[in-house]
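> Please work out how this folds:
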Amino acid sequence: MLWLLTIHNLVKRRGNREILSGISFIARPGRVTGFLGPNGAGKSSTLRILLGLDRATSGSALIHGKAFAELPNPLTTVGAALDGSGAHPMRTGRAHLRWLARAAGLPRSRVEEVLEIAGLTNAAGRRVGSYSLGMGRRLAMAAALLGDPEILILDEPVNGLDPEGIRWIRTLLRERAASGNTVLLSSHLMGELAETVDDVVVIHHGKVVADGTLAEVTGNHSTLESAFFALTSERGGDVS
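Prediction:
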C-alpha cells in the first residue's frame with residue numbers, strides 16, 4: 001500500500017556529524033501521529049527534509065510517493081506550520097493569507113473561511129507584527145489550512161496559546177483525522193499530546209527508538225511522559 005506520508009531510511013549528515021541515522025516511519029490517514037524527541041534528536045531536520053527545505057544525505061521522505069518539490073500543487077496536498085507564522089510583520093493577517101491563496105490559485109473566499117476557523121476574523125486587518133505569540137500560531141494554522149490539505153505537518157502548534165486555544169487545536173486535529181486526513185504533530189507538551197494523538201514515533205540521537213500506537217509506546221508506564229523519559233534517557237530504556 002502506498003501511504004500518504006512515508007519516511008524511509010532517512011540519513012542526514014553535516015560534516016562529520018550524523019543528525020539522522022536511517023530513520024523510517026509512516027504517518028497514516030485518519031490518525032494523528034505524534035513525533036517526539038529531545039532537543040537535537042533530529043525532529044526539525046526530518047520535518048524540513050519532508051517539506052523540501054533541506055536535503056537528505058540518503059533515504060527518502062515522500063508524500064504520495066513523491067518528494068515535496070514534485071507535488072503539482074503542494075498547498076492543497078500539505079499544510080505545514082513550522083517556526084511561527086512566516087508572515088511579514090508589516091502585512092495584515094488577511095493580506096498574508098490572500099497572498100498565499102493567490103499564489104496557489106485559491107479563491108479569496110477561502111481566506112475568510114480559514115480566518116473564521118482560526119478565530120482571527122476580528123484581527124485580520126491588523127499588522128502581523130502586532131500579533132501576540134498565540135495569534136501568530138493561529139495565523140500559521142490558518143495558512144496551513146488554506147488549501148484544505150489532506151496532510152497537516154505541525155511543529156509545536158500550541159506554543160503560546162491559552163487553554164481555549166489549545167483546546168481548539170486539539171479539537172481541530174481530531175476532526176481532521178476523523179475526516180480521513182493525516183496529521184503529523186511534533187510537540188514537547190506530553191500531556192497535551194496524550195490527549196490528541198493515536199500513534200507515536202520517538203527519535204533519539206537521530207534514530208527511531210519507539211514507533212506504535214499511543215498504548216503500545218506508553219506500555220506499562222503511567223503516562224506518555226514517563227515512557228518518553230525511559231526511552232530517551234542516556235542509559236537507554238524500555239517501555240515494556
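> ranges for the strands of the protein?
5-14, 17-27, 31-36, 58-63, 78-81, 151-155, 182-186, 199-204, 207-213 (DSSP state E).
> any chance of those in JSON lines, with distance to L172, mean neighbour count and mean pLDDT too?
To be clear about C-beta, it is placed using only N, CA and C from the backbone, and glycine gets the same treatment. Below are those laid out as JSON lines (distance: least, CB to CB, whole Å; neighbours: other CB atoms under 10 Å; pLDDT from 0 to 100):
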{"stretch": "strand 5-14", "distance to L172": "19", "mean neighbour count": "17", "mean pLDDT": "96"}
{"stretch": "strand 17-27", "distance to L172": "17", "mean neighbour count": "18", "mean pLDDT": "96"}
{"stretch": "strand 31-36", "distance to L172": "11", "mean neighbour count": "24", "mean pLDDT": "97"}
{"stretch": "strand 58-63", "distance to L172": "21", "mean neighbour count": "18", "mean pLDDT": "96"}
{"stretch": "strand 78-81", "distance to L172": "11", "mean neighbour count": "24", "mean pLDDT": "95"}
{"stretch": "strand 151-155", "distance to L172": "9", "mean neighbour count": "23", "mean pLDDT": "96"}
{"stretch": "strand 182-186", "distance to L172": "9", "mean neighbour count": "25", "mean pLDDT": "96"}
{"stretch": "strand 199-204", "distance to L172": "18", "mean neighbour count": "24", "mean pLDDT": "96"}
{"stretch": "strand 207-213", "distance to L172": "22", "mean neighbour count": "17", "mean pLDDT": "97"}
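> Mind putting these into a markdown table with distance to R126?
Shown next, in a markdown table, are the strands of the chain (distance: least, CB to CB, whole Å):
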| stretch | distance to R126 |
| --- | --- |
| strand 5-14 | 34 |
| strand 17-27 | 35 |
| strand 31-36 | 31 |
| strand 58-63 | 34 |
| strand 78-81 | 20 |
| strand 151-155 | 24 |
| strand 182-186 | 28 |
| strand 199-204 | 37 |
| strand 207-213 | 42 |
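> Enumerate every residue touching the residue positioned nearest the centre of the chain.
Residue closest to the average C-alpha location in the chain (CA atoms, centre = their mean): L154, at 1.9 Å. By CB atoms under 8 Å, 6 or more residues apart in numbering, L154 lies in contact with A80, A81, L82, M141, A144, L173, V183, L184, L185, S186.
> Thank you, goodbye.
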